[in-house]
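Enquirer: Everything below, folded, please.
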Amino acid sequence: MFCYQRSFGLPTEVITKEQFRALITAPETSRKVKEAREALARGDKNAYDNKKKSLPFVIFIATYDESEKVFENKQTHEKTAKTGRWRNQKYCRLNGLCVIDFDHVEGDVRKVWEEAYAKLSDEDKARILFVFVTPSGHGLKVVFMADAAIGNLIDNQIVFSRKLGLNPDESCKDGSRGAFLTTEEDIILLDERIIDYENPAFGEKYNEAYHEGKSQSTISSPKFLEEPSGKEPPNLGGIYYHGVPYSKIVDTWLGDKKVEQGDRHRTSLVLADHLRYITDNDPVLIEQILRQTPFVKEIIDERGEDVAQTVQSAQGYEFLKGIPKRMQQALKTAGALTQGTVLGC
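Expert: Here you go, the predicted structure:
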C-alpha cells in the first residue's frame, strides 16, 4: 500500500482504490493539468509550478510511522508540535515499489515509451504497475516492483532504466519523494495490484539505512549509456544475477587458469555469448561486464580492443533454449543457480 497528502501542510494518509480513482478522474485535476500545460507553453514557469503543486500528490514508495512535526506561527513565532504520519524519510516504511522519473523526454512521449517497453523481457514487463505522462506533458513516471537483490530504490532505478534504454532523473532517490498525478487520459498503464502491493522483505532490508539518511546509490550511474564506448564503465559489484554479483560469476566462469595472450579475444567472445543468457540479452550490460573483466582490460589497454564489436558479434550467435553448460557450472559454483533457471542440455 502507499499514501498521499491532501496538502503539504497535512500528514500522509494511506490511499484506497476508490480515492485513487477519484483523484485521477476528477474534473478539477483535468482543469489544473490543462492550465499548467498552457502556462508552460507560454513560458510562464512560475504559473506552471503553482498549478502543478496544486495537483494530487502521491507517495508510491512508502507509508510512514507517526512522528511530530513542529510548525511556527509566522506572526507570533510560537511553535506547535503536531503528531501525524508525516512524509519524513526518517520514519518511512518502504513497500517495495520504485518510481523512475524520466524528465524532458524528447519527441512523442508515448512513442518513446512504446519503444522502450518493447526492449523489456516478459518478466520485467510484469513488474510494471503504473506508467503515466507527467503534468508537463514531456515526461514519464514509471512505478514498478523493486528487486531487493539488485539494491535500494536508486539502484533499481538505474538498472531498470538501463533495460529501457532511458536516462532517469537520479535526484529521486529519497524515501520521502512523491509524484504529482495527472489525468486519466495521461495514464499509459495501470495495474490495480499497485493499490495493495507490499513487499515486506524490501523494507526489512533497507528501512534502517533510509532512516539513517543513507539513500544514495550503491552502484554507479548509468551515464555510460551516453558516453563513447572507450570510456571507463562503472564498477559491477552492486549489479546482481539471482543475488550474486556478475563480477563473481565471471570470475567463477574463468576459473583459476589465466587467459593467455592469443586466447583473449576468443575467450571474450565466448564470455559475451554466455552472458546473454543471464543479462536478458542486454548488449549494454554485457559490454559493461566485459570491460570490467581483467583480461579484457588488458587487450583494451594494449591495442584498443573494440569490445562493442565483440558484443555485437556474439549477438549474432544462435540463442539456445537453455544456459550453456560452462555458464551453468559457474552459476552453480557461485551460488546463483536457483530453482526455475532454464538449463541447457
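Enquirer: what are the ranges of the helices in the chain?
Expert: 17-25, 27-41, 45-52, 109-117, 122-125, 153-164, 200-211, 246-254, 264-275, 283-291, 294-303, 307-315, 325-334 (DSSP state H).
Enquirer: Residue 103 is nearest to which of those?
Expert: Among these, helix 109-117 comes nearest to residue 103, with 10.9 Å by CB to CB. To be clear about C-beta, it is placed using only N, CA and C from the backbone, and glycine gets the same treatment.
Enquirer: got the contact list for the closest one?
Expert: For helix 109-117, the external contacting residues (CB atoms under 8 Å, 6 or more residues apart in numbering) are 105-106, 125, 128, 131, 133, 137-140, 164-166, 188.
Enquirer: Relative to residue 67, which of the helices of the chain is closest?
Expert: Here helix 200-211 is closest among the helices of the chain (CB to CB), at 11.0 Å.
Enquirer: so what secondary structure elements neighbour the closest one?
Expert: For helix 200-211, the packing partners by 3 or more CB pairs under 8 Å, 6 or more residues apart in numbering; DSSP states H and E come out as strand 92-94.
Enquirer: And for the strand it packs on, what's in contact with it?
Expert: 61-65, 153, 175-176, 202-203, 206-207, 210-211.
Enquirer: make it 7 Å
Expert: Strand 92-94 is contacted by residues 61-65, 175-176, 202-203, 206-207, 210 when judged by CB atoms under 7 Å, 6 or more residues apart in numbering.
Enquirer: just stretch 58-66 next, same as before
Expert: 1-4, 12, 14-15, 83-88, 91-95, 97-99, 143, 153, 175, 177-179, 181.
Enquirer: Pull out the buried members of these.
Expert: Among these, those buried by neighbour count (16 or more other CB atoms under 10 Å) are 2-4, 12, 15, 85-88, 91-95, 97-99, 143, 153, 175, 177-179, 181.
Enquirer: what sits against the residue positioned nearest the centre of the chain?
Expert: The centroid of the chain falls nearest to residue 157 when counting by CA atoms, centre = their mean (1.7 Å). Residue 157 is in contact with 98, 100, 168, counting by CB under 7 Å, 6+ apart.
Enquirer: Please repeat the previous calculation with a cut-off of 6 Å.
Expert: 100, 168 (CB atoms under 6 Å, 6 or more residues apart in numbering).
Enquirer: before we move on, back to that, out of the buried ones among the contacts of stretch 58-66, which are inside strands?
Expert: If you go by DSSP state E, the buried ones among the contacts of stretch 58-66 have 3-4, 12, 92-94, 97-99, 143, 179 in strands.
Enquirer: Near residue 269, how many other residues are there?
Expert: Using other CB atoms under 10 Å, residue 269 has 17 neighbouring residues.
Enquirer: pretty sure residue 11 contacts residue 82?
Expert: No: using CB atoms under 6 Å, residue 11 makes no contact with residue 82, being 7.9 Å away.
Enquirer: Quick check: neighbours shared by those two?
Expert: When contacts are counted by CB under 6 Å, 6+ apart, the set common to residue 11 and residue 82 is empty.
Enquirer: Those two: which is more packed in?
Expert: More crowded of residue 11 and residue 82, by other CB under 10 Å: residue 11, with 18 against 13.
Enquirer: ok, and the closest non-adjacent residue to the more buried one?
Expert: Distances taken as CB to CB, 6 or more residues apart in numbering place residue 84 nearest to residue 11, at 2.9 Å, with adjacent residues excluded.
Enquirer: And the pLDDT for that neighbour?
Expert: We have a pLDDT of 96 for residue 84.
Enquirer: Could you measure from the residue nearest to residue 29 when sequence neighbours are not counted over to residue 262?
Expert: Once flanking residues are discounted, residue 29 sits nearest to residue 183: 5.7 Å by CB to CB, 6+ apart. As for residue 183, its distance to residue 262 is 62 Å (criterion: CB to CB, to the nearest Å).
Enquirer: Who has more neighbours out of these two?
Expert: The residue with more neighbours, out of residue 183 and residue 262, is residue 183; 21 against 7, by other CB under 10 Å.
Enquirer: my read: the more buried one touches residue 33, true?
Expert: Yes: the criterion here is CB under 6 Å, and residue 183 meets it with residue 33 at 5.2 Å.
Enquirer: Can you report how many residues lie near residue 317?
Expert: The burial count for residue 317: 13, using other CB under 10 Å.
Enquirer: What ranges in this protein fall below the confidence cut-off?
Expert: Judged by pLDDT under 70, the chain has its weakly predicted residues at 170-171, 219-238, 338-345.
Enquirer: mind running it again at 80?
Expert: For the chain, applying pLDDT under 80 flags the ranges 169-172, 217-239, 301, 304, 337-345.
Enquirer: how does it divide up, domain by domain?
Expert: Listed domain ranges for the chain are 3-211, 227-334 (source: automatic domain parsing).
Enquirer: Redo these as JSON lines? Include distance to residue 218.
Expert: Listed next are the domains of the chain as JSON lines, based on distance: least, CB to CB, whole Å:
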{"stretch": "domain 3-211", "distance to residue 218": "5"}
{"stretch": "domain 227-334", "distance to residue 218": "5"}
